[in-house]
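In: only geometry, no sequence info:
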């Protein structure tokens, strides 16, 4: 008779969850703040950018994203950026819907034509960029610019930076459309029982927990290793969690139902009468 010890490894998994296109008009956000929310997806601003308010001056209505209307203008080479407010979240900009842009070279008092570079920080690493000559028609109307699909189409970003190229010291943006807002469920393992003894009637239970988006089913892969031989335990399969396990490869899957945040994996020790040293069962979450 021996003890079988539970071991588990924590692992972060990233799964893309597509969302419908979302238009950000800034009208539902709080003026003079350094963050805004789009369909519950939080963005933070950096540099001089923040949510601004002035009656009837926005492209859509009264609010927009700007670099400091009437406060001295930007003196650096960048207006700042917007970036995701949660680690692991990503966004995709629309290349089919134009956004509103307005520029000035005297701190927003009068419109001016200028060149602004938009730089996207890719979730996979690296950057992409496109420079626009923004040409407001007058002091009260925005220019309309559209991102190139060849550059931005389908690209998952974590930050969008607005750099000054020439001719301006103030930038206002409105009606930004996102093709995708991507949340990141994080899956980890904890143990319900830390050890058991053969023939004790106590099973080994590993709890898989996901945080983040749980509006759809999610299947994750796992593997089992350790010093315990295959004959020393059995993995309980089936059930509402749709657990599968292949003894030959020591791998399996576990599925989170819709709205479920936890799923338990049960391992049953196989009893015998041999005197053996303690053994371990190691469960690891694998990338899909």
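Out: Yep, it's here. The model shown is predicted, which means the values in this text are computed figures rather than measured ones. Numbering: from 1, shown residues only.
In: what distance do you get for residue 270 to residue 282?
Out: 17 Å (Cβ to Cβ, to the nearest Å). The C-beta positions use only the backbone N, C-alpha and C, and glycine is treated the same way.
In: correction: residue 172
Out: With distances defined as Cβ to Cβ, the gap from residue 172 to residue 282 amounts to 55 Å.
In: which one of the two has more residues nearby?
Out: Set side by side, residue 172 and residue 282 give different neighbour counts by other Cβ atoms under 10 Å, the larger being at residue 172 (25 against 15).
In: buried sites along the helix or strand where that one lies?
Out: Taking DSSP states H and E as the criterion, the element that holds residue 172 is strand 170-174. Going by neighbour count (16 or more other Cβ atoms under 10 Å), the buried part of strand 170-174 is 170, 171, 172, 173, 174.
In: show me what contacts the first one?
Out: Going back to what we said before, that points to residue 170. Listed by Cβ atoms under 8 Å, 6 or more residues apart in numbering, the contact partners of residue 170 are 66, 67, 68, 69, 73, 74, 103, 104, 105, 106, 107, 108.
In: and for the last one?
Out: Under the criterion of Cβ under 8 Å, 6+ apart, the contact partners of residue 174 comprise 25, 26, 58, 59, 60, 63, 64, 65, 99, 100, 142.
In: from these, which one has the minimum pLDDT?
Out: Minimum pLDDT across the contacts of residue 174 is recorded for residue 60, with 78.
In: just give the closest residue to residue 133, not the sequence neighbours.
Out: Among residues not flanking residue 133 along the chain, residue 115 sits closest, at 5.3 Å (Cβ to Cβ, 6 or more residues apart in numbering).
In: quick one: distance of the helix or strand encompassing the one you found to the chain centre.
Out: Residue 115 is located in strand 114-122, with elements delineated by DSSP H and E. Its chain's C-alpha centre lies 21 Å from the corresponding centre of strand 114-122 when counted by Cα atoms, centre = their mean, to the nearest Å.
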